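K.L.:
Kindly return the folded structure for what I paste below:
(chains A and B)
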Protein chains: 2
Amino acid sequence: MKPHGCFINNENVILSTDLYQLTMSAAYYQYNLDNNINEESDDIATFELFVRKLPKNRNYLIFTGLEQVIHYLQNAHFSDRTIDYLRSNEMFKNIDSKFFDDYLPNFRFDIDIWAMKEGTFFFPNEPILRVTGPSIQSQLIETYIISVINYQTIVASKASRIRNVAKDKLLLEFGTRRAHSPQAGIYAARASYIGGFDGTSNVVSDLELGIEASGTMAHSFIQKFGEMKSFEVFYEYFEDKTIDLIDTYDIKEGTLKAAKFGNKILGVRIDSGDLAEETKRVRRLLDENGCEEVKIVLSSNLDEYLIKEILDKQAPADAFGVGTELVTSSDDPTLSAVYKLMDYNGHPKIKISEGKVTYPGKKQVYRFFDEKGKFEKDLIALDDEKVEDRGVPLLIPIMEKGELVYDLPTLEEIREYSLKNVNKLPNSYLKLEQIKHIDLEISNNLNELWESLKNKYE
Amino acid sequence: MKPHGCFINNENVILSTDLYQLTMSAAYYQYNLDNNINEESDDIATFELFVRKLPKNRNYLIFTGLEQVIHYLQNAHFSDRTIDYLRSNEMFKNIDSKFFDDYLPNFRFDIDIWAMKEGTFFFPNEPILRVTGPSIQSQLIETYIISVINYQTIVASKASRIRNVAKDKLLLEFGTRRAHSPQAGIYAARASYIGGFDGTSNVVSDLELGIEASGTMAHSFIQKFGEMKSFEVFYEYFEDKTIDLIDTYDIKEGTLKAAKFGNKILGVRIDSGDLAEETKRVRRLLDENGCEEVKIVLSSNLDEYLIKEILDKQAPADAFGVGTELVTSSDDPTLSAVYKLMDYNGHPKIKISEGKVTYPGKKQVYRFFDEKGKFEKDLIALDDEKVEDRGVPLLIPIMEKGELVYDLPTLEEIREYSLKNVNKLPNSYLKLEQIKHIDLEISNNLNELWESLKNKYE
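P.N.:
The predicted model follows:
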């Protein structure tokens, strides 16, 4: 047997989905064929992606992952291999051969996408992405776009909380090894950068996305050479970029060895112990030994709570390397992002499963700011509803009939937009504690539509 | 700007790592060059991968992901693009040009790998994979192999708990959309299958790994056609493979509509409400309407606790679709898998950072069974130590100098091995509650080595 790498690529990505998306799409195809329905004009569905509720401890979310949705829509196709696979699947035996011979080989997404800009903060029930197009296509993309947006949004939102408490300290994402797969590692680097981190240790993110990768040294480096010699070897090759790891044996000894390089090295890293106390001690030792410019980098299971505690204790840390807790969003690794049918051929749609409420119809989100530019409230309204002029619509056109109509920002621009945006939130939203009330309204027309459809079914 | 898909592939996977792995490896190269050290004979490191502690609520872990490590070791290389990237990185300016012109272009892994078989249960501090080879190579792989094994092990271990409570019910992995990236989706399908699931909804896992994909229908399908018609359309095309989703509006009404097909459909799915109560009600309705053979599939935020509760209440469910809680391991999404230097050129190595203990030296794990074949205890010993004959060594040779020397099992075989293995665990390990004592011993020789090295540094 040959080992398999489990990579997702442009060829198999179209099948990176749940089987029911393909069976439903095939059924839509066959039904249209059997009933002479033109999918481009008479079988048009609008779906919206939204989050049902905030994860634990979150007061807002940061919308992230749109660029990967666009990449998917521009590139996904059915190769011969994927078509052969589907054709040979017993499940599809009643589907006309034209589906496999003609429809799938020529399949390209030509749907409309409206979405928030990446880096926008948002709240539950707000549509963050809206898809309009033939049922087959708009159904097919559900699983993939959720999987792309769900995780990046989780990480960006966690990163934003960490940025809020870390103020202007340097924040580095160090979590590649604990992310839920190598691809999750690059997603985590991207999303935490958007959420306000300064860099990552993940090299492939530097290569592919241009997020600056940085790093220090591992304990194994120290163990191999011995402490003093390892510092010397590293300095010889990496000079002023050297960050010495000083906790392999004894932090005080390690600090004194690093201090022999004076201010010529960039910093030292502490990866264990009582980080606040050690930071104070190490800073004192460094200063006493003429190393006033040497920075202190902290790591070891850091999250927003620990960083706040360390800074509240006035520990003079310069940078934080954050890994596991950020990239797994360990206090709540789930996000209830869902993708629901809102309109079919111009008719608003509803679903009333117990405990799961969905506002029907094609919608828009308007954001209101006060005179000082601070966030005042969001309003979810029907797309064709007249809304007070000063509300800024958050959903903007991204793709029209499969063509990109949006000027894709750079990652740097998305990060700046996100940071500027979050700064408009009142302080209560920026605290680590759960906020009591979110300033989110549902328009009268939308409430009325929801009531009338609900009554129809009850 | 062109949108980026963030895919990991054979070309960039070598950089799917932390920058410090590359800087340390470059330093090892340069140091060997400067000091005339032969990396193949005089710079040999042994690293071991192990887990520091069990995640919350786990009594054992299932080792998973070895196949992807092998794939990586066989395929990873430095392409021109990745070499150009490294060469242009300011960090590497003092590294000899031979590194970029000669060493990296010809780089292939030729290291030794010993590991447990995939599907083996294991405990904290046990080496699950051991790497021996030139420092550069054995250091370089750290991040990638952790990222591959860490997550799959998390999911397989959670899946195994779910299998333990679900007994012989059908278990389907439905979590692709909530996994932490599309690649995490395929990893989750693979790992949950190894942990004892029967199938997945993830189609790319069926295509690439042969794990049977299955599925039902979404609420959008019902909303589009209306409930009765959607059941008719689905049945027309998918016949006896039809599973009707019955909770879009009213479960009783939905059941009665599905019951019109008698025993000709495969099943119904309930995705909301009090699942135990609804299952009993739906079963009664189905039976009263001559649908005794129609199966009931449950979904909606299921985990091992909810499934146990449902079955404890005697709800006649036939199958469970488990998503978010499984693929994010939501009660504890982290695993403290670490990769530590244990031996350098024949000398055992140690690290004594506060609160983080690491047993030194090249090790082996021996497993003991009682007369009835039940698990008795594990013993961690030095690799060259004489151990009682009936102990079964768990680490076996996988690769020698980069060549596969292990007959790679099929996924089916791994799954069977895993299930048979877990069945050897005493009942106390199989309960959902945390076990008080794990039968794990450290050999005398290993304890002595640890004490003597510790004293040397203290």
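
K.L.:
pretty sure residue A:142 is touching residue A:48, no?
P.N.:
No - between residue A:142 and residue A:48 there is no contact under C-beta atoms under 8 Å: 11.2 Å. Any C-beta I mention is one placed from the backbone N, CA and C, and that applies to glycine too.

K.L.:
if I look at the two, which residues touch both of them?
P.N.:
Taking C-beta atoms under 8 Å, 6 or more residues apart in numbering or on different chains as the contact rule, residue A:142 and residue A:48 both touch residue A:339.

K.L.:
residues in the stretch 251-400 of chain A within reach of chain B, list them.
P.N.:
Residues of the stretch 251-400 of chain A lying near chain B by C-beta under 8 Å from any C-beta of the partner chain: A:271-273, A:324-325, A:328-330, A:332-337, A:340-341, A:344, A:349-356.

K.L.:
PyMOL command to pick out the buried ones of those?
P.N.:
Here is the PyMOL command that selects the buried residues among these (16 or more other C-beta atoms under 10 Å in any protein chain shown):
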select buried, chain A and resi 271+272+273+324+325+328+329+330+332+333+334+335+336+337+340+341+344+349+350+351+352+353+356
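
K.L.:
Show only the entries of the residues of the stretch 251-400 of chain A next to chain B found in strands.
P.N.:
Among those, DSSP state E puts A:337, A:340-341, A:344 in strands.

K.L.:
re the thing from before, restricted to helices, list the residues of the stretch 251-400 of chain A next to chain B.
P.N.:
Judged by DSSP state H, those include A:324-325 as members of helices.

K.L.:
residue boundaries of the strands in the stretch 151-300 of chain A?
P.N.:
With DSSP state E, counting those that start in this stretch, the ranges of strands along the stretch 151-300 of chain A come out as A:170-173, A:199-200, A:243-245, A:267-270, A:295-298.

K.L.:
Of all those, which one is nearest residue B:137?
P.N.:
strand A:243-245 (21.3 Å; C-beta to C-beta).

K.L.:
Is chain B within reach of the longest helix along chain A?
P.N.:
Across chain A, the longest stretch assigned as helix under DSSP H is helix A:142-166. Yes - Helix A:142-166 lies within reach of chain B by C-beta under 8 Å from any C-beta, at A:142-144, A:146-148, A:150-151, A:154.

K.L.:
Give me the ChimeraX select line for those, limited to the buried ones.
P.N.:
Buried residues among the residues of helix A:142-166 next to chain B (16+ other C-beta under 10 Å), as a ChimeraX selection:
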select /A:142,143,144,146,147,148,150,151,154
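
K.L.:
Now pLDDT too, for the residues of helix A:142-166 next to chain B, in a markdown table please.
P.N.:
A markdown table is the format used below for the residues of helix A:142-166 next to chain B (pLDDT from 0 to 100):
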| residue | pLDDT |
| --- | --- |
| A:142 | 98 |
| A:143 | 98 |
| A:144 | 98 |
| A:146 | 98 |
| A:147 | 97 |
| A:148 | 97 |
| A:150 | 98 |
| A:151 | 98 |
| A:154 | 98 |
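
K.L.:
hang on, the earlier thing: and the angle for the longest helix of chain A with strand A:337-344?
P.N.:
Relative orientation of helix A:142-166 versus strand A:337-344 (axes from the mean of the first three to the mean of the last three C-alpha atoms, to 10 degrees): 130 degrees.

K.L.:
so how far is helix A:142-166 from its chain's centroid?
P.N.:
3 Å (C-alpha atoms, centre = their mean, to the nearest Å).

K.L.:
Equivalent analysis for stretch A:131-142, please.
P.N.:
22 Å.

K.L.:
any idea how chain A splits into domains?
P.N.:
A:13-154+A:333-457, A:155-327 (automatic domain parsing).

K.L.:
Turn the ones you listed into JSON lines, including distance to residue B:16.
P.N.:
Formatted as JSON lines, the domains of chain A follow (distance: least, C-beta to C-beta, whole Å):
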{"stretch": "domain A:13-154+A:333-457", "distance to residue B:16": "16"}
{"stretch": "domain A:155-327", "distance to residue B:16": "4"}
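
K.L.:
just these: most buried one?
P.N.:
domain A:155-327 (a mean of 22; mean count of other C-beta atoms under 10 Å in any protein chain shown).

K.L.:
Wondering if stretch A:34-41 reaches chain B at all.
P.N.:
No - residues of stretch A:34-41 are not located near chain B by C-beta under 8 Å from any C-beta, the shortest gap being 8.5 Å.

K.L.:
Pull up the distance across that stretch, start to finish.
P.N.:
16 Å (C-alpha to C-alpha, to the nearest Å).

K.L.:
and what of stretch A:209-221?
P.N.:
Termini of stretch A:209-221 sit 29 Å apart (C-alpha to C-alpha).

K.L.:
repeat for stretch A:393-405
P.N.:
Per C-alpha to C-alpha, stretch A:393-405 runs 17 Å from first to last residue.

K.L.:
Contacts for that stretch, please.
P.N.:
Contacts of stretch A:393-405 (C-beta under 8 Å, 6+ apart): A:66, A:70, A:73-74, A:108-117, A:120, A:122, A:126-127, A:129-130, A:364-367, A:378, A:406, B:3.

K.L.:
from these, which ones fall inside helices?
P.N.:
A:66, A:70, A:73-74.

K.L.:
out of these, which touch chain B?
P.N.:
Okay, of the ones in helices among the contacts of stretch A:393-405 touching chain B (C-beta under 8 Å from any C-beta), that's A:70, A:74.

K.L.:
just the ones in helices among the contacts of stretch A:393-405 now: which is nearest residue B:231?
P.N.:
residue A:73 (31.2 Å).

K.L.:
list the contacts for the closest one?
P.N.:
A:109, A:111, A:113, A:141, A:399, A:402.

K.L.:
ok, now residue A:362?
P.N.:
Residue A:362 neighbours (C-beta under 8 Å, 6+ apart): A:46, A:48, A:130, A:132, A:342-343, A:348, A:382-384.

K.L.:
quick one: which of those residues is nearest to residue A:453?
P.N.:
residue A:348 (6.7 Å).

K.L.:
Was I right to think the closest one contacts residue A:361?
P.N.:
Yes - contact criterion C-beta under 8 Å: residue A:348 and residue A:361 qualify, at 3.8 Å.

K.L.:
Please identify every residue contacting each of those two.
P.N.:
A:342, A:449.

K.L.:
and residue A:167, how far is that from chain B?
P.N.:
25 Å (C-beta to the nearest C-beta, to the nearest Å).

K.L.:
and that residue, what are its phi and psi?
P.N.:
phi 50, psi -120 (degrees, to the nearest 10).

K.L.:
And residue A:393, by the same measure?
P.N.:
Residue A:393 adopts backbone torsions of phi -70, psi 130, taken as degrees, to the nearest 10.

K.L.:
Go ahead and flag the most central residue of chain A.
P.N.:
Centroid-nearest residue in chain A, with C-alpha atoms, centre = their mean: residue A:152, separated by 1.6 Å.

K.L.:
Pairing partners for residue A:375 in the sheet, please.
P.N.:
Beta-bridge partners recorded for residue A:375 (DSSP bridges): residue A:369.

K.L.:
re earlier: need the strands of the stretch 151-300 of chain A in TSV (columns: mean pLDDT and distance to residue B:436).
P.N.:
Output for the strands of the stretch 151-300 of chain A, formatted as TSV (pLDDT from 0 to 100; distance: least, C-beta to C-beta, whole Å):
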stretch	mean pLDDT	distance to residue B:436
strand A:170-173	98	37
strand A:199-200	98	41
strand A:243-245	98	36
strand A:267-270	98	34
strand A:295-298	98	35
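
K.L.:
Residue B:423 is nearest to which of those?
P.N.:
strand A:170-173 (41.0 Å).

K.L.:
starting at the chain centroid, how far to the closest one?
P.N.:
Per C-alpha atoms, centre = their mean, the centroid offset for strand A:170-173 relative to its chain is 17 Å.

K.L.:
Sweet, I'm off.
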